[in-house]
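**Student:** what follows is a predicted protein model with its sequence.
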Amino acid sequence: MKKVIITGAMAFIVFACGNNKKETDSSAISIDGSSTVYPVTEAMAEEFRNEDPNVNVTIGVSGTGGGFKKFGRGEVDIANASRPIKEEEIAIAKENNITYVGLEVAYDGLAVVVHPDNDWVTCFTVEELKKIWEPGAQGTIKTWNQVNPDWPNEEILLFGPGVASGTFDYFTEAIVGKSGSSRGDFTASEDDNVLVQGVSGSKYGLGFFGLAYFEENKDKLKLVGVDGGEGCILPSLETVKNSTYAPLSRPLYIYINSSSLKNPKVIDFVNFYLEQAPTLLEDVGYFPLSVEEYKAQKAKFDDFVKSNN
């Protein structure tokens, strides 16, 4: 299989022809949402198009929150999401008579990274990460030695996903204790490549994003372990799948609009996605569910299709 290369300035990607408006053409499938899930769906779309060259799959990358906004307005067939849909997003979908199903498609770990020349950090405790990222740290926790007196008296330069990102929501909930609760004085971007460039460009940089982006850029970043109370653990296939890399392991999702099932290409694509995920995921740096878990997601989707036809 072709390994997907994550490109810079990746605001919007189009396979074949199309745009980000919901298409009525039965050969078109429109998708938007998480930048973390994007490489997975991109890989699926590329292989699916090899199977069916007449299909147009468009994939936007506006973050999980941005994708759910479009999904709730009925503007896209499928939403990529790195967290479950929120109550307020469910309410918007209900207002627009959008019904849907959410499917788990992969596992991912959040990578905490520093510059390769950083020789003082090999592991963060959850308490240390919270001390750095909680709202009260803004204007207060400015240097490394304020976190640990053995670390340099140098400014911490922080990089993280934007507030529309499901990765931001997940990290803040897991580390700070409340989704969206964070200091605001850090460089934020929905484009993970911007975060990679920021951390790799500063010896005193610190950032977090999906593990797949670390794998694509591990020659210019240093991965740091996380101690969630059971000792220091680095994210890997094994530690993400068995959840010992805690609390920064998580499932990834796609959500499908019921009205989009009128397009048989959407049904074919989702079935293809669930069937091919075990083979394609590791090519793009993510981790598949178990065989039993994929069977359960497939049965969930089959029931959704039957109930909407």
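**Tutor:** Thanks, I have the structure now.

**Student:** which residues are in contact with residue 124?
**Tutor:** Residues near residue 124 by C-beta atoms under 8 Å, 6 or more residues apart in numbering: 112, 224, 225, 226, 227. For the C-beta atoms, the positions are set from N, CA and C on the backbone; glycine is no exception.

**Student:** would you reformat those as TSV and include neighbour count and secondary structure?
**Tutor:** Output for those, formatted as TSV (neighbours: other C-beta atoms under 10 Å; DSSP: H, G, I helix; E, B strand; the rest coil):
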residue	neighbour count	secondary structure
112	25	strand
224	20	strand
225	17	strand
226	26	strand
227	16	strand
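
**Student:** got a markdown table for those residues, with pLDDT too?
**Tutor:** Listed next are the contacts of residue 124 as a markdown table, based on pLDDT from 0 to 100:
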| residue | pLDDT |
| --- | --- |
| 112 | 98 |
| 224 | 98 |
| 225 | 97 |
| 226 | 97 |
| 227 | 97 |
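
**Student:** what number of residues lie near residue 182?
**Tutor:** Residues near residue 182, counting by other C-beta atoms under 10 Å, number 23.

**Student:** I'd say it and residue 174 touch.
**Tutor:** No. Using C-beta atoms under 8 Å, residue 182 is not in contact with residue 174; the gap is 11.9 Å.

**Student:** not counting sequence-adjacent ones, nearest residue to residue 38?
**Tutor:** Leaving aside its chain neighbours, residue 38 sits nearest to residue 61 (5.1 Å; criterion: C-beta to C-beta, 6 or more residues apart in numbering).

**Student:** any chance you could map the helices in the stretch 101-250 of the chain?
**Tutor:** 126-133, 166-171, 192-200, 211-216, 237-241 (DSSP state H, counting those that start in this stretch).

**Student:** nearest the geometric middle of the protein, what residue?
**Tutor:** residue 36 (2.6 Å; C-alpha atoms, centre = their mean).

**Student:** list the contacts of it.
**Tutor:** Shown in contact with residue 36 (C-beta under 8 Å, 6+ apart): 64, 82, 108, 165, 166, 167, 192, 209, 210, 212, 252.
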